Structure formats: C-alpha cells, structure tokens
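*Asks:* sequence unavailable; structure follows:
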C-alpha cells in the first residue's frame, strides 16, 4: 500500500479526482460557496490525514501538476487573442485599471504588515497574493519570502475573489464586461478568471489579460516596497 501512496500517479489521481468531485458538487448545488478548488483542498487533506500519508509522498504527483501551472496560464492568451479588438480599443483603461488594482492590493497588504509588525519575510510572502502562482512564487523567492505562505495566500485570495466577484459586480452595478473582467483578474488571478469565463467570454479574456499585466506591475513595484 505504501508503494501506491509514494507513486507520482497517486498524487495526480487524487488531485484530479477531488477537483472533479468539486466541479460536480458545484454544478449540483449551484452555489458559489462550492468552489471546486476549495473542495479539492479539503478532500485531499482529509484523505492524507485519514490514511496517514506524508505530504512528501502526495507531492510526488503534485509536483508533476505544478509543472503545468505556467503553460496553463499562458493558454489564457487564446481568449485574449479572440478579443484583440476590444483590447486595442480599451488599451489605456486596461493599463490604468490594472495598475490601480495592483497598487491597491500591494499597498494595503504592505500597510497591514507594518501595522501588525510582521517581519520582512512574511511581508514578502503576502505582497504577491493577488497574482498568479508561478509569478507570485518567483517574487516571493527573490525577496526572501516563505513560498508555502505565498501559495496559501494566493489560493485563499483566488477562492475568495471567485466567490465574491459576482455579488460585488451586482452590488456596484458593473455592467461593462471589460471592467468586470479586469477587476476579477486583477484581484483573484487564474482562480477568479475561471469564474469570469462563466460570466462571459469578454469577461474571461479581460480577466486573463489582467493576470499578465498585474503580474508585471507587481514584479516591478515589489522591488520598491521590499
């Protein structure tokens, strides 16, 4: 049995199965609270604890899945290309919106870290919470942060954004799909983008664009803050 748990196929199969269950539950219950990623994390944790499986054994397969993070993010360029005319028409609003969103995110985190007296390592770990995981990990490592903390912060931010995004869009009566997509992508990266795609193709494309633009801005601004 231990040989099965230590196999990379176990980690891959468990990750795919738990996420698939999350997707099915979301479709059945039709609730934004049933986030597939959150359900997958909870179910995976339960399995590892129930069978006393070391995280290192599970991560043999998890590491394989991590290899696809960057290519998966790059694939968002396809949806952006299909909306290239919208991008050209709204170039300045897109850049300004992403810049303001990135600065607001990083600035608020930095101020809270100073307020609560967190050290430089923890600050560097939390600053990139609103950008996609591959870029966030690089920013964290380059400034001496704690990568696991960054990953947790990124996941939590993405899940929270995907849950709250539809509600906030209705609350503030945002009826422009470009604005809605940029807001979602700027604050909740790829997890939020999956939710934006459910709202519409334009929202998804703009959210995917915001991931890249906000990632670049965060890398540059983090050099000043950290």
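*Replies:* Nice, I can see it. Since the structure is predicted, the reported quantities are computational estimates derived from the model, not experimental observations.
*Asks:* now the strands for this structure?
*Replies:* Taking DSSP state E as the criterion, the chain carries no strands.
*Asks:* domain ranges for it, per the record?
*Replies:* Domains of the chain are assigned by automatic domain parsing as 2-67, 73-225.
*Asks:* tabulate those domains (a markdown table), appending mean neighbour count.
*Replies:* Where you see a C-beta, it was placed from the backbone N, CA and C, and this is true even at glycine. Compiled in a markdown table, the domains of the chain are given as follows (neighbours: other Cβ atoms under 10 Å):
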| stretch | mean neighbour count |
| --- | --- |
| domain 2-67 | 15 |
| domain 73-225 | 19 |
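*Asks:* now those domains as a markdown table including mean pLDDT?
*Replies:* Shown next, in a markdown table, are the domains of the chain (pLDDT from 0 to 100):
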| stretch | mean pLDDT |
| --- | --- |
| domain 2-67 | 86 |
| domain 73-225 | 87 |
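*Asks:* mind listing the helices for this structure?
*Replies:* Counting by DSSP state H, the chain has helices at residues 2-5, 8-29, 36-50, 55-66, 69-74, 76-82, 84-89, 91-115, 120-126, 133-142, 147-171, 177-199, 201-225.
*Asks:* okay, the angle between the second one and helix 36-50?
*Replies:* What that stands for is helix 8-29. Angular relation of helix 8-29 and helix 36-50 on a 0 to 180 degree scale: 130 degrees, by axes from the mean of the first three to the mean of the last three Cα atoms, to 10 degrees.
*Asks:* and helix 8-29, how far out from the chain's middle?
*Replies:* The chain centre lies 18 Å from the centre of helix 8-29; the measure is Cα atoms, centre = their mean, to the nearest Å.
*Asks:* what helices or strands is that helix leaning on?
*Replies:* helix 36-50, helix 55-66 (3 or more Cβ pairs under 8 Å, 6 or more residues apart in numbering; DSSP states H and E).
*Asks:* the ones you listed: which one's closest to residue 10?
*Replies:* helix 55-66 (5.8 Å; Cβ to Cβ).
*Asks:* contacts for the closest one?
*Replies:* With contact meaning Cβ atoms under 8 Å, 6 or more residues apart in numbering, helix 55-66 is reached by 5-15, 44, 48.
*Asks:* repeat for stretch 217-226
*Replies:* So stretch 217-226 is contacted by 98-99, 102-103, 106, 110, 120, 123-124, 127-128, 130-131, 135-136, 138-139, 143 (Cβ under 8 Å, 6+ apart).
*Asks:* redo that, cut-off 10 Å
*Replies:* For stretch 217-226, contacts defined as Cβ atoms under 10 Å, 6 or more residues apart in numbering pick out 95, 98-103, 105-107, 109-110, 113, 120, 123-124, 127-132, 135-136, 138-140, 142-145, 186.
*Asks:* how close does residue 26 get to residue 188?
*Replies:* Taking Cβ to Cβ, to the nearest Å as the measure, residue 26 falls 16 Å from residue 188.
*Asks:* what of residue 120?
*Replies:* Counting by Cβ to Cβ - residue 120 and residue 188 are separated by 26 Å.
*Asks:* pretty sure residue 148 is touching residue 121, no?
*Replies:* No: with contacts counted by Cβ atoms under 10 Å, residue 148 stays clear of residue 121, the gap being 11.8 Å.
*Asks:* which residues do those two both contact?
*Replies:* With Cβ under 10 Å, 6+ apart, residue 148 and residue 121 have common neighbours residue 140.
*Asks:* could the helices and strands packed on helix 8-29 go into CSV alongside distance to residue 90?
*Replies:* Output for the helices and strands packed on helix 8-29, formatted as CSV (distance: least, Cβ to Cβ, whole Å):
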stretch, distance to residue 90
helix 36-50, 29
helix 55-66, 33
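*Asks:* no further queries at this time; thank you.
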